[in-house]
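Enquirer: Compute the structure for the input listed below.
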Amino acid sequence: MINLITMLFKLFQNPLYISILLYIFIVILVLYTKPHIFFNKDGTMKETGCGEGKVVFSLPMALVISSIFIYFMIKTLNMHAA
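Expert: Next up, the predicted model:
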């Protein structure tokens with residue numbers, strides 16, 4: 001049991017694993033809440049483009065950008081904590 005706790009503690013010192021878990025949490029939160037900026041009233045994703053009922057940044061593009069931002073944020077916070 002102690003070896004498992006030690007292994008998990010070492011695992012979460014790596015910023016990549018923390019970033020992946022935070023990203024998965026954010027994806028689940030976004031898909032559960034379905035914000036109006038990315039979803040229509042019927043729950044379908046809006047089309048990408050310009051015009052009525054479309055978004056400039058699609059949900060997958062926003063998630064990729066947020067994953068990069070999350071990783072660098074966790075990496076920076078981890079560097080300052082050490």
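
Enquirer: All the helices of the chain, in order from the start?
Expert: 2-11, 15-33, 59-81 (DSSP state H).

Enquirer: ok, residue 50 touching residue 57?
Expert: No. Taking Cβ atoms under 8 Å as the definition, residue 50 is not a contact partner of residue 57, at 11.5 Å. Every residue, glycine included, has its C-beta placed from N, CA and C.

Enquirer: Have a look at those two and say which one is more surrounded.
Expert: In terms of neighbours (other Cβ atoms under 10 Å), residue 57 is the more surrounded of residue 50 and residue 57; the figures are 12 against 7.

Enquirer: Report the contact partners of the more buried one.
Expert: Neighbouring residues of residue 57 by Cβ atoms under 8 Å, 6 or more residues apart in numbering: 48, 65.

Enquirer: if I look at it, how far off is residue 65?
Expert: Counting by Cβ to Cβ, to the nearest Å, the separation of residue 57 from residue 65 is 8 Å.

Enquirer: tell me the centre residue of this structure?
Expert: Central residue of the chain (Cα atoms, centre = their mean): residue 23, 2.9 Å from the mean position.

Enquirer: okay, the residue lying closest to residue 43 once chain neighbours are set aside: pLDDT?
Expert: Distances taken as Cβ to Cβ, 6 or more residues apart in numbering place residue 34 nearest to residue 43, at 6.1 Å, with adjacent residues excluded. At residue 34, the pLDDT value in this model is 94.

Enquirer: and what of residue 9?
Expert: 72.

Enquirer: And it, how close does it get to residue 17?
Expert: For residue 9, the distance to residue 17 (Cβ to Cβ) stands at 11 Å.

Enquirer: Name the residue in those two with the higher neighbour count.
Expert: Between residue 9 and residue 17, counted using other Cβ under 10 Å, the more crowded position is residue 17 (14 against 9).
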